[in-house]
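[1] Here is a sequence with its predicted model. Questions after.
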Amino acid sequence: MSGNSFGKIFRITTFGESHGPAVGVVLDGCPAGLELHEDDIQKELDRRRPGQSEITTPRDEADKVEILSGVFEGKTTGTPVCMVVYNKNQQSKDYGDVKNLFRPGHADYTYFMKYGIRDYRGGGRSSSRETIGRVAAGAVAKKLLSLKDIKITGYVKQIGTVKGEKFDEDFIERNPVRCADSEKYQEMKNYILKAKDRGDSVGGIVEVIIRGVEPGLGEPVFDRLNADLAKAILSLPAVKGIEFGRGFDVVYACGSENNDEISPHGFLSNNAGGTLGGISTGQDIVFRFPVKPASSILIPKQTIDKFGNSREVVTKGRHDPCVAPRVVPVAEAMASLVIVDSLMINKNKKISDFS
Ligand SMILES: Cc1cc2nc3c(=O)[nH]c(=O)nc-3n(C[C@H](O)[C@H](O)[C@H](O)COP(=O)(O)O)c2cc1C
Ligand SMILES: C=C(O[C@@H]1CC(C(=O)O)=C[C@@H](OP(=O)(O)O)[C@H]1O)C(=O)O
């Protein structure tokens with residue numbers, strides 16, 4: 001177990017480091033015959049790409065994808081699909097100062113303790129450059145889901161203390177904060193920019209809605225659909241938790257308010273967030289997660305070097321002042337991978353399916 005792979009039937013292994021030659025993914029288990037072009041992948045990678053606005057890292061990467069295998073004459077062949085993006089704008093010399101230091105909030109300390117060696121050029125393997133592979137595979141999953149009219153939409157619900165209240169789906173795609181509330185967008189952006197001016201960073205909350213999932217997806221005990229989604233989301237850098245439906249607020253509710261009543265026309269509410277007993281109800285699956293403020297900040301902080309000496313560190317280089325807007329397409333990709341995998345696992349559960 002190396003921890004670099006995810007999924008049971010629709011399986012991915014990501015590879016690469018932030019400042020190495022390339023990052024990417026090998027996707028195994030994709031059915032043959034799916035029409036797949038680099039453009040399908042590129043449009044999702046373009047949503048994740050850095051260097052696109054003043055509220056994201058200025059590292060300027062085109063993130064152009066190449067499909068190396070598994071596709072012939074525009075269709076998947078049923079063999080592993082390998083997709084690669086070459087890193088072009090590393091500027092690794094900027095990281096010489098932190099070569100022997102553990103940047104607070106980053107994985108430098110834990111990687112060094114675990115492996116005794118660390119790629120100090122940027123975040124190395126722990127950098128979000130790794131999520132390119134997830135987004136590329138997620139784009140294939142999204143294509144499969146579109147055949148079943150399943151749609152996954154993520155958006156920024158909160159930045160710092162600024163809460164979005166509306167949900168304007170068209171607006172999400174058009175604005176760099178990926179906020180669904182057109183009225184709160186400028187306020188959210190200003191909140192990020194003020195922190196950036198101070199050399200600081202801020203956190204946020206992202207919500208994801210999965211529409212069109214049939215009832216019956218997810219396994220009953222350990223591989224509950226909500227548990228699989230939770231693992232997928234918690235496997236993302238900077239994510240510190242997850243809640244479904246009414247979430248942590250269930251603490252304030254009585255059963256009489258929290259149970260989702262059922263009528264002949266369907267459920268009357270969705271406090272559960274789309275699963276019961278770990279199995280999809282057929283309603284929207286709704287979850288949200290907090291994203292911590294990016295660790296790389298220009299405010300001097302105390303740390304140690306790898307020899308145990310006390311040091312002060314300022315994290316130079318190019319960084320996101322807020323991770324939340326950037327994580328949206330990645331979270332959608334992870335959710336897509338889980339839903340496709342669950343659909344593939346969910347075969348032949350009733351004798352009537354076995355024909
Ligand atoms: C899309 C995305 C972009 C990120 N950009 C940055 C960044 O520019 N600077 C930073 O310090 N952390 C950034 N992070 C978070 C770090 O990668 C993460 O905090 C670090 O690897 C330590 O992991 P942990 O926070 O999960 O413990 C980003 C995360 C994601 C998902
Ligand atoms: C380049 C990207 O964002 C990076 C995410 C990141 C981190 O620690 O996650 C740190 C910075 O990169 P580096 O590894 O060069 O220090 C960001 O610029 C990207 O997401 O494509």
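    Structure's in. What do you need? Numbering: from 1, shown residues only. Ligands and ions are numbered 1, 2, ... in the order given.

[2] for Val286, what are its contacts?
    Glu207, Val208, Ile209, Ile210, Phe244, Gly245, Asn270, Gly273, Gly274 (Cβ atoms under 8 Å, 6 or more residues apart in numbering). (Glycine included, C-beta is placed from N, CA and C.)

[3] from those, which is closest to ligand 2?
    Val208 (18.9 Å; Cβ to the nearest ligand atom).

[4] Identify the bridge partners of that closest one.
    Listed beta-bridge partners, Val208: Gly154, Phe287 (assigned using DSSP bridges).

[5] okay, now it: neighbour count?
    22 (other Cβ atoms under 10 Å).

[6] now Lys347
    9.

[7] how would you label it: helix, strand or coil?
    coil (DSSP: H, G, I helix; E, B strand; the rest coil).

[8] any idea how far Asp320 is from it?
    40 Å (Cβ to Cβ, to the nearest Å).

[9] Give me the phi and psi angles of the residue in the stretch 51-200 of the chain positioned nearest to ligand 2.
    Going by Cβ to the nearest ligand atom, ligand 2 is nearest to Gly122 of the stretch 51-200 of the chain, at 2.4 Å. As for Gly122, its main-chain torsions (degrees, to the nearest 10) stand at phi 70, psi -150.

[10] Using just helix, strand and coil, how would you label the nearest residue to it once chain neighbours are set aside?
    Distances taken as Cβ to Cβ, 6 or more residues apart in numbering place Ser18 nearest to Gly122, at 3.9 Å, with adjacent residues excluded. Judged by three-state DSSP, the three-state class of Ser18 is coil.

[11] what does whichever helix or strand Tyr191 is part of rub up against?
    Using DSSP states H and E, the element containing Tyr191 is helix 185-197. Outside helix 185-197, the residues that touch it by Cβ under 8 Å, 6+ apart are 54-55, 156, 159-162, 164, 171, 175-177, 179, 201-202, 293, 321-322.

[12] what about Phe222, neighbour count?
    8.

[13] Find me the pLDDT at it, would you?
    Reported pLDDT at Phe222 in the predicted model: 97.

[14] Same check on Phe289?
    98.

[15] show me the contacts for it.
    Ile205, Val206, Ile233, Leu234, Val239, Lys240, Gly241, Ile242, Glu243, Ala331.

[16] Now do it against ligand 2, distance only.
    For Phe289, the distance to ligand 2 equals 16 Å [Cβ to the nearest ligand atom, to the nearest Å].

[17] Distance of that residue relative to Ala238?
    10 Å.

[18] The stretch 51-200 of the chain against ligand 1: which residues are in contact?
    Along the stretch 51-200 of the chain, the residues adjacent to ligand 1 under the rule Cβ under 6 Å from any ligand atom are Thr57, His106, Ala107, Gly123, Ser126, Ser127, Ser128, Thr131.

[19] Name the secondary structure element that contains the last one.
    Spelled out, it's Thr131. Using DSSP H and E, Thr131 falls in helix 131-146.
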